[in-house]
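Asks: Here you go, sequence then predicted model.
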Amino acid sequence: MFCSHCGMALQPGFKFCKNCGAAVVIVSSAEAVVAVAPPPAPGSVPGFVAVAAPPPPPFAPPPFAPPPFAPPPPPPMQGAYQVAQQQVYYVSHQAAALAHSAHQNHLIQGLRGRIQSLASTENLEGFSLKEMFSDVFKRRSADDVEDYMGVGTSKTTPALELVETGWPKPWLFFRVLAALVIAYFALTLIYMWTNNTNCVPGMMFLGAFAVPLATLTLFFELNTARNVSLHVVVKLFLFGAIASLGVALLEYALPIFQISDMEAGIVEEVAKLLTVVVIMRSARYPYILNGILFGATVGAGFACFETAGYALNMGLLPGLLPAVQGAQQVTPAAMSAGVSSMLSLLALRGIEAPLGHVAWTALAAGAFWRVKKDKATSVAMFFDPRFLKTFLIPVSMHAIWDCPWQLPFSGNQIITGFISWYVVFGLVQQGLRQVKEEQKMRLQSTLATVEASVLSPAAAVVA
């Protein structure tokens with residue numbers, strides 16, 4: 001059986017030709033006569049029944065179904081928009097800056113909490129550097145300066161009830177700094193004009209002493225109890241510097257302290273603290289503020305002598321060494337090179353001076369006086385946890401300062417100095433509170449005495 005339209009052989013049971021698609025028309029089922037023709041129009045051929053081919057279904061893409069076990073799509077974030085069936089996310093610069101600032105604040109708060117826990121201090125209350133140094137440029141007469149400095153004796157120590165317990169406003173330290181720096185630069189200019197080597201020792205000592213002495217004056221002003229005289233400070237400065245240097249050199253002679261420069265944190269801080277405790281072991285000075293001042297005094301003396309030694313050995317002598325070794329006369333060029341190197345070292349050490357020895361020893365001695373108070377010194381005080389934990393701060397800060405791995409732009413010195421001064425101000429706040437509590441106790445004792453004296457005659461009359 002063949003298709004009458006295209007002649008292709010037909011398969012039994014097929015309703016359409018596989019080649020041309022014409023419909024198969026059955027003329028008579030009894031005679032089994034089969035004719036194949038293209039689909040005629042309805043009613044055009046009598047006796048024939050036209051069967052129309054069903055239209056093909058319209059094209060429709062299959063519904064999207066995620067593959068099995070596919071992870072769910074991520075939730076849209078801030079500022080999400082859709083491009084080509086794909087989500088793109090962005091965060092504004094302001095949101096990123098806020099998130100970064102919050103992360104930094106979290107780190108700072110965590111570091112502050114750890115430092116306060118180690119030093120046993122609290123958050124600074126009512127503290128403002130701007131307010132603290134607001135009286136620096138206030139005009140004062142020579143009599144005001146003399147009266148301000150002439151305190152601490154038996155006749156000039158103010159009564160405890162008159163002591164200020166708020167944050168002090170120091171100003172004398174700036175005048176000391178300005179006077180010493182002006183003298184240093186004046187002597188340096190004289191040397192440059194005259195090339196007279198007699199100016200070199202003066203330049204060395206003025207450069208080494210200027211900033212530490214000004215920082216010491218600041219601590220002298222922070223002692224609001226005003227019970228330490230200038231005579232005591234000068235004596236402790238000289239003898240404390242010499243004694244602490246001697247103790248440190250003896251410790252350095254031990255084999256255990258000859259490994260690395262970081263051991264200076266243990267050697268020098270122990271030497272300075274022992275010097276303070278031995279020289280100022282009297283119970284006459286019971287306040288934390290006194291201990292802070294004593295530590296700053298010894299630390300300032302140690303820093304001055306150490307800087308002067310570095311200025312000579314690392315600054316001046318290297319420029320003069322070739323001529324000295326060759327037994328030749330020192331030439332002006334060699335002297336100029338040595339002095340220039342010395343001045344550079346003095347400038348660097350002067351900038352870093354407030355961040356180092358003065359603050360470290362003030363911190364250590366203040367922590368010790370927090371335990372000692374008005375009691376006699378004992379060995380057990382050195383093992384008190386309140387002192388030991390705080391003493392670890394200056395030791396570790398000193399070790400990081402001398403660490404061989406240094407951050408750029410004096411990063412080690414800036415970070416350690418900031419931490420040291422933060423703890424120092426925390427101890428100063430505790431010292432101010434100690435004086436305030438002492439004032440309250442004395443006032444309560446006075447009131448109790450007055451009440452007893454007033455009530456005793458009445459009791460006698462009743463009896």
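Replies: Received the coordinates, thanks.
Asks: in the helix or strand hosting residue 210, what's buried?
Replies: Element membership of residue 210 [criterion: DSSP states H and E] is helix 199-222. Neighbour counts over helix 199-222 (16 or more other CB atoms under 10 Å) mark 199-200, 202-222 as buried. Backbone N, C-alpha and C define where each C-beta goes, glycine included.
Asks: Just checking, which helix or strand succeeds it along the chain?
Replies: Next along from helix 199-222, by DSSP H and E: helix 230-252.
Asks: residues near residue 247, how many?
Replies: Number of residues near residue 247 (other CB atoms under 10 Å) recorded here: 19.
Asks: tell me the contacts of the nearest residue in space to it that is not next to it in sequence?
Replies: Counting by CB to CB, 6 or more residues apart in numbering, residue 247 lies nearest to residue 271, which is 3.8 Å off, once chain neighbours are set aside. By CB atoms under 8 Å, 6 or more residues apart in numbering, the contact list for residue 271 reads 244-245, 247-248, 251.
Asks: and of those residues, the nearest to residue 359?
Replies: Within the contacts of residue 271, the smallest distance to residue 359 is 15.3 Å, found for residue 244 (CB to CB).
Asks: which residues are in contact with stretch 144-153?
Replies: With CB under 8 Å, 6+ apart, stretch 144-153 has contacts from 140, 156-158, 172, 175, 226-232.
Asks: which parts of it are buried?
Replies: Buried positions in stretch 144-153, judged by neighbour count with 16+ other CB under 10 Å: 151-152.
Asks: and if you look at stretch 272-284?
Replies: 272-277, 279-280.
Asks: would TSV of those residues with secondary structure be doable?
Replies: Shown next, in TSV, are those (DSSP: H, G, I helix; E, B strand; the rest coil):
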residue	secondary structure
272	helix
273	helix
274	helix
275	helix
276	helix
277	helix
279	helix
280	coil
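Asks: And the residue nearest the centre of the chain?
Replies: Residue closest to the average C-alpha location in the chain (CA atoms, centre = their mean): residue 415, at 5.1 Å.
Asks: can you give me the angle the helix or strand harbouring that one makes with helix 199-222?
Replies: Residue 415 is part of helix 411-462, with elements assigned from DSSP H and E. With axes from the mean of the first three to the mean of the last three CA atoms, to 10 degrees applied, the angle from helix 411-462 to helix 199-222 works out at 40 degrees.
Asks: packing partners for helix 411-462?
Replies: helix 93-119, helix 288-310, helix 357-372, helix 385-401 (3 or more CB pairs under 8 Å, 6 or more residues apart in numbering; DSSP states H and E).
Asks: Residue 176 is in contact with residue 215, isn't it?
Replies: No. Applying CB atoms under 8 Å, one finds residue 176 not in contact with residue 215, separated by 9.3 Å.
Asks: about what we covered before: quick check, the residue nearest to residue 247 in a strand?
Replies: No. Looking at residue 271 with three-state DSSP, it is helix, so not inside a strand.
Asks: same for the helix holding residue 210, what does it pack against?
Replies: Using 3+ CB pairs under 8 Å, 6+ apart, helix 199-222 sits against helix 172-194, helix 230-252, helix 288-310, helix 332-352, helix 357-372.
Asks: what mean pLDDT does stretch 249-260 have?
Replies: Stretch 249-260 carries an average pLDDT of 76.
Asks: Now do the helix holding residue 210: distance to the chain's middle.
Replies: Distance of helix 199-222 from the chain centroid (CA atoms, centre = their mean, to the nearest Å) equals 27 Å.
Asks: Same check on stretch 157-168?
Replies: On CA atoms, centre = their mean, the centre of stretch 157-168 falls 32 Å from that of its chain.
Asks: Pull the residues that contact that stretch.
Replies: Stretch 157-168 is contacted from outside by 126-128, 131-132, 151, 221-222, 224-227, 432-433, 435-436, 438-439, 442-443, using CB under 8 Å, 6+ apart.
Asks: what do you get if the cut-off is 7 Å, keeping everything else the same?
Replies: Outside stretch 157-168, the residues that touch it by CB atoms under 7 Å, 6 or more residues apart in numbering are 126-127, 132, 151, 221-222, 224-227, 432, 435-436, 438-439, 442.
Asks: Quick check: mean pLDDT of that stretch?
Replies: If you average the pLDDT over stretch 157-168, you get 92.
Asks: Okay, buried residues for it please.
Replies: Here stretch 157-168 shows 163, 165, 167-168 as buried, counting by 16+ other CB under 10 Å.
Asks: Just the CA coordinates for that stretch, please, in PDB.
Replies: The C-alpha trace of stretch 157-168 is given here as PDB (Å, rounded to 0.1, in the frame of the first residue of the first chain):
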ATOM      1  CA  THR A 157      52.700  72.200 103.200                       C
ATOM      2  CA  PRO A 158      49.000  73.100 102.900                       C
ATOM      3  CA  ALA A 159      46.500  71.600 105.300                       C
ATOM      4  CA  LEU A 160      44.800  68.400 104.000                       C
ATOM      5  CA  GLU A 161      41.400  70.200 104.100                       C
ATOM      6  CA  LEU A 162      42.700  72.700 101.600                       C
ATOM      7  CA  VAL A 163      44.100  70.300  99.000                       C
ATOM      8  CA  GLU A 164      42.400  70.200  95.700                       C
ATOM      9  CA  THR A 165      41.100  66.800  94.700                       C
ATOM     10  CA  GLY A 166      40.000  67.600  91.200                       C
ATOM     11  CA  TRP A 167      42.200  67.200  88.100                       C
ATOM     12  CA  PRO A 168      45.100  69.600  88.500                       C
END
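Asks: Give me the below-cutoff pLDDT ranges for the stretch 151-300 of the chain.
Replies: 257-261 (pLDDT under 70).
Asks: I meant the stretch 1-150 of the chain, not that one.
Replies: Residue ranges of the stretch 1-150 of the chain with pLDDT under 70: 1, 5, 14, 16, 21, 24-93, 96-97, 100-101, 103-104.
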